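Q: fold the stuff below for me.
(2 chains)
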Amino acid sequence: MNVVLEGSGLVKRFGPAVALAGVGLAVGGEAVAIMGPSGSGKSTLLHCLAGIMKPDGGEVRLLGQRVDTMRERERSALRRTRFGFVFQFGQLLPELPAEENVALPLMLGGVRRGEAVRRAREWFGPLGLGGMEGRRPGELSGGQAQRVAIARALVTRPAVVFADEPTGALDQATGHDTMRLLVEATRGNDASLVVVTHDPQVARWCDRTVEVRDGRVLAGGPARDGRDRDGRDRGGPHAGPGAPGPYAGHAQGEPVTQVLPGADR
Amino acid sequence: MSGTLALSWRLLRGGGRRGLLGAGLTAVAVAVSTMLLLFAVSANAAFQGRADREAWRNPVAAGEGTAAAAVQAVRRDYVRDRYVTVVDVAVLKPGTAPPPGLDRLPEPGEVWFSPALAELARGLPAGELADRFPERIAGTVGDEALVHPGELVAVRGQAPDSPVMTAVAAADPRTGTAPKRVAGFTGSPTPDAQAYQALALIATVLMVVPLLVFGGAAARLTVARRDQRLAALRLVGATPGQVVAMTAAEAMITAAGGALAGAVLYGLLIPVLTRIEIAGGPWFASDLWPGVPYTSAVLAAVPLLVGLSAVVGLRRIVVSPLGVARRETPPAMRFVRVLALLAALAAVPALGAGAAAGVVAVVLGLVFLAINLAGPWVVGMIGRITARTARGPAGLLAGRRLTDDPRAAWRTVSGVAMTGFVAGFIGFLSPASGLLGDADAATLRLSVPAAQASRLTAEARERLSAADVAARVEVTGEGGRRILAVAVGKAAGDGGKAAREDDGTSGGPARAGGGAGPARADAAAVDRARTALDGLVPGRGATTAADEDLPGVLLLADIGTGTVVVLTVSFLVAVVSAGITAASSVLDRRQTYALLRLAGTPLKVLDRARRAETLIPLAVMGGGSIAVGVFCALPFSVSAVNAGGMAVLLVCVALGFAGVAGAGAASAPLLRSVTADPAPRPD
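A: Presented below is the predicted three-dimensional model:
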């Protein structure tokens, strides 16, 4: 595996509470789920890896370059250009239409507005959002809003996409669709995916699971079975030996990677 | 109801640090509003008080068949460049109530000085002032008879048949009232006092409307922050009545605290405010204290208005529990708002210099409110244009936000827009001050009966000589009325044209000072001459052209002072309102800002968007309001455009922009703080 992002010996304290007590994690072109109960330190790990927080100890590298020693301005630029983010809710600007929400990161990067909106629009069809370009977040369902957020996370063609409980506010069926699109779209764009979740059903969409408890990594879970490495999805996660996953019936046929804008670049 | 109140109180207290910060902002806004509102109310009461205290000096003749109690004559004398009001009183009916400020009826040969006059008379050489009042000083005129603490007033007792009490009317009614037989010392407000009251009323309207708008904005501010929580309450089944009651209660608790603080602040400010000089003097502290009834009324009205405004702001949530939880494209502002403004403006040309102050105040108030109605519509329009033409993310964000919530953007700039209106109105209206102020201050003139001209001229020379005043005395004019002209200082330093008092006499063709330009007077010599000439013609004092211009000069100074006061108040409102709305907008959107920052958006872009969001509508609305203000001033404009007024206007605009930009910048640290830690959960 070519390591894209690596954190090693990460320590983070909040006053007397130790959120991370020497955690290491390497990600390379794959989808990794960070799991754990509330308060286990999984979000803190994501924030340290994404350069949102500075760890108190240890180091973070993106393609070999130290992230944790960068100044805030540099980390901010890094987050804008090399990372994409998908959160549980509240991430879309309510006053911008969907297409401008997606175009915003490109415009922040200096792309002219017309070009940015054109490139943003390319994502709507493949993500099942055709015709919703002009809608505002308040006029989208929860699942549609998450798909807009996925488009926004990927539009700059980042190296790593971070998702924090991306299906937390969605029902199971919608969550299933969202995860499928998230995993396949990131893979189709040659991006790595780091998902924080406490939901095993969500974790099963990923290639690998990392269990965090009390600030430590307990175990690296198995890579997702029954799935080939070039991203060919066979219809859903494998919930366990012999047992069809709860999402299985909702998977939709055509592999998204073939039509996503990032895939043909 | 008490349960609702208790829950509101708990929610208010439990709002956390930022919740409390929001409530604090509302309280500050309300405190500033209350303070300024009390000032505006007091200003009217203060002018009313002055008018009442001055009324006794504007005697009203006793009606036919009514027995007169006294004879009263009022004359305006001058010392240096100040008025001395001399009231002569002859009592006809013993047992009449004494004039205000006097402990008893004055007897002939007695004089009462106001405290300031007594002090001045002691301070100046007797020949310049005190000698004009040879009577025995019987006491001090009390404050209740004085317009302001520094006023120079003398009340003299006279015999009913003394020359002063039987003199004919003064040549110029502005300088005094001829002796009148009065039934009592009540009088009626002078025309000047009434004019000041009318101006105060207009100034009040100019100050109060922005204050009310600001107060309303402060209330909405509370609501904006509570939207989400109240929508959640509604979702769990709170009835519309409960939600409304809770919001109103919460807003009113905050507002009551703010109002109380505002009243205390105002009380502390009174000593400073009393120093503002209007109509020639400062104020009594009691003038500016509005009294218990007014204060209580303001303290009760402010929280009620804030509560009402909060309830109005809640309408959407109450109608639909999802109204706030889901953000949808808001309906566009209706054009009828602009029609309202046009309708109000259509009424303006009907006004004119002759219109009653009440009508002017009402129309100005209507235009004000109409600007406030049309404002959001225009802001929405500006937003659409900005969004359509934006190239960068900051412009796009600003434009979309303006379109999304034009009311909120308007709240930020409404203060300055309103000030722009005030500045446009007053700035255009103020008469040019260069018209006055160059009058001759060295030539005293006294109208004399033609028959006695020679005798009085001779006596004047004697008196001036005795007082050791160098002056040229001559008589001008024709017919029954002659003017005795006394050119003070002419003998001393005017070369060949000068004439000594004993040889520059009959028929000298050159008038005093003629050809030498306005004479510069030695003020002390002029006052010595005035004192020497006092009583030469009973009931009349000698005046210079500068004295006669003094009312105009004072009025201009007062208009200037009034403009500065009104604009200062409007500016305070504008800047505080801009600062508070900017801060609350950061608080309201902290989650979005934090997430944007987290995704790598530079603070600079967020800040630039915020700035554009304020400055673009500010430029358009500020300019528009100034134009509307100028338009409203057109019917009253009598002279050419006043360059000084225009300068005031430009300075105001510049200050307004700077103030709002500064107030917006003041919330930048808040923005930094809410986005500094985008991931506060240790989870």
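
Q: residue B:456 contacts residue B:484, correct?
A: Yes - because the distance of 6.2 Å satisfies Cβ atoms under 8 Å, residue B:456 is recorded as touching residue B:484. Backbone N, C-alpha and C define where each C-beta goes, glycine included.

Q: these two: which has the busier surroundings?
A: Comparing residue B:456 with residue B:484 by other Cβ atoms under 10 Å in any protein chain shown, the one with more neighbours is residue B:484, at 24 against 20.

Q: residue contacts, residue B:151?
A: Residue B:151 makes contacts with B:85, B:114, B:116, B:117, B:280, B:281, as judged by Cβ atoms under 8 Å, 6 or more residues apart in numbering or on different chains.

Q: from chain A, how far off is the second one?
A: Remark: distance between residue B:114 and chain A (Cβ to the nearest Cβ, to the nearest Å) = 65 Å.

Q: can you mark which positions in whichever strand or helix holds residue B:51 are buried?
A: Taking DSSP states H and E as the definition, one finds residue B:51 inside helix B:16-54. Residues of helix B:16-54 classed as buried: B:19, B:22-23, B:25-51, B:53-54 (neighbour count, 16 or more other Cβ atoms under 10 Å in any protein chain shown).

Q: just the ones of the contacts of residue B:151 in helices?
A: The subset of the contacts of residue B:151 located in helices under the criterion DSSP state H comprises B:116, B:117.

Q: ok, now which ones touch the closest residue to residue B:619 other than its chain neighbours?
A: Spatial nearest neighbour of residue B:619, excluding adjacent residues (Cβ to Cβ, 6 or more residues apart in numbering or on different chains): residue B:657 at 7.8 Å. Contacts here follow Cβ under 8 Å, 6+ apart; on that basis residue B:657 touches B:416, B:615, B:618, B:619, B:622.

Q: now swap in residue B:210 and tell me
A: Taking Cβ under 8 Å, 6+ apart as the criterion, residue B:210 is in contact with B:368, B:414, B:415, B:418, B:419, B:422, B:570, B:573, B:574.

Q: ok, now with 6 Å
A: Contacts here follow Cβ atoms under 6 Å, 6 or more residues apart in numbering or on different chains; on that basis residue B:210 touches B:418, B:570, B:573.

Q: wait, isn't the last one in contact with residue B:417?
A: No - the criterion here is Cβ atoms under 6 Å, and residue B:573 misses it with residue B:417 at 11.3 Å.

Q: quick one, which of those two is more surrounded?
A: The residue with the greater number of neighbours, taking residue B:573 and residue B:417 and applying other Cβ under 10 Å, is residue B:417; the counts read 29 against 25.

Q: that's a strand at residue A:8, yeah?
A: Yes - residue state for residue A:8 (DSSP: H, G, I helix; E, B strand; the rest coil) corresponds to a strand.

Q: that one: how many residues sit nearby?
A: Residue A:8 sits with 13 neighbouring residues when counted by other Cβ under 10 Å.

Q: just give the closest residue to it, not the sequence neighbours.
A: Nearest in space to residue A:8, with sequence neighbours left out and distances taken as Cβ to Cβ, 6+ apart, is residue A:24 at 4.4 Å.

Q: and the one you found, what element?
A: Secondary-structure assignment from DSSP H and E places residue A:24 in strand A:17-27.

Q: isn't residue B:311 right next to residue B:248, touching?
A: Yes - at 5.3 Å, residue B:311 and residue B:248 qualify as touching, with contact defined as Cβ under 6 Å.

Q: report how many residues lie close to residue B:359.
A: Counted with other Cβ under 10 Å, the neighbours of residue B:359 add up to 12.

Q: SS state for it?
A: Of the three states, residue B:359 takes helix under three-state DSSP.

Q: do you know how far it is from chain A?
A: Counting by Cβ to the nearest Cβ, the gap from residue B:359 to chain A is 43 Å.

Q: likewise residue B:361?
A: Taking Cβ to the nearest Cβ as the measure, residue B:361 and chain A are separated by 40 Å.

Q: circling back: so for the helix holding residue B:51, mean pLDDT?
A: What helix B:16-54 shows for mean pLDDT is 83.

Q: if we can go back for a sec, save the contacts of residue B:151 as JSON lines, and put in pLDDT too.
A: Rendered in JSON lines, the data for those read as follows (pLDDT from 0 to 100):
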{"residue": "B:85", "pLDDT": "91"}
{"residue": "B:114", "pLDDT": "94"}
{"residue": "B:116", "pLDDT": "94"}
{"residue": "B:117", "pLDDT": "94"}
{"residue": "B:280", "pLDDT": "82"}
{"residue": "B:281", "pLDDT": "87"}
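
Q: could you double-check that residue A:194 lies in contact with residue A:163?
A: No - with contact taken as Cβ under 6 Å, residue A:194 and residue A:163 are classed as non-touching, separated by 7.2 Å.

Q: which one of those two has more residues nearby?
A: Between residue A:194 and residue A:163, counted using other Cβ under 10 Å, residue A:163 has the larger neighbour count: 29 against 25.

Q: the more buried one is in what secondary structure piece?
A: Mapping residue A:163 onto the secondary structure by DSSP H and E places it in strand A:160-164.

Q: partner strands of that strand and their direction?
A: Paired strands of strand A:160-164, with direction, are strand A:83-86 (parallel), strand A:192-197 (parallel) (DSSP bridges).

Q: report the distance from the helix or strand following that strand to the chain centre.
A: Helices and strands here follow DSSP H and E; after strand A:160-164, the next one along the chain is helix A:172-188. Its chain's C-alpha centre lies 10 Å from the corresponding centre of helix A:172-188 when counted by Cα atoms, centre = their mean, to the nearest Å.

Q: compute the inter-axis angle for helix A:172-188 and strand A:192-197.
A: Comparing the axes of helix A:172-188 and strand A:192-197 via axes from the mean of the first three to the mean of the last three Cα atoms, to 10 degrees yields an angle of 160 degrees.

Q: who are the packing partners of helix A:172-188?
A: In terms of contacts (3 or more Cβ pairs under 6 Å, 6 or more residues apart in numbering or on different chains; DSSP states H and E), helix A:172-188 is packed against helix A:142-154.

Q: what mean pLDDT does the helix it packs on have?
A: Mean pLDDT, taken over the full extent of helix A:142-154, equals 89.

Q: other residues contacting it?
A: Contact with helix A:142-154 is made by A:84-86, A:91-92, A:98, A:101-102, A:123, A:127, A:129, A:137, A:161, A:169-170, A:174, A:178, A:181-182, A:185, A:189, as judged by Cβ under 6 Å, 6+ apart.

Q: how about that helix: buried residues?
A: For helix A:142-154, the neighbour count (16+ other Cβ under 10 Å) marks A:142-154 as buried.

Q: CA atoms of that helix as CSV?
A: This file holds the C-alpha atoms of helix A:142-154, laid out as CSV (Å, rounded to 0.1, in the frame of the first residue of the first chain):
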residue,chain,number,x,y,z
GLY,A,142,-31.3,15.0,4.1
GLY,A,143,-29.9,12.5,1.7
GLN,A,144,-29.8,14.9,-1.2
ALA,A,145,-28.0,17.5,1.0
GLN,A,146,-25.4,14.8,1.9
ARG,A,147,-24.9,14.1,-1.8
VAL,A,148,-24.3,17.7,-2.5
ALA,A,149,-21.8,17.7,0.4
ILE,A,150,-20.1,14.7,-1.2
ALA,A,151,-19.8,16.6,-4.5
ARG,A,152,-18.4,19.6,-2.6
ALA,A,153,-15.9,17.4,-0.8
LEU,A,154,-14.7,15.9,-4.1
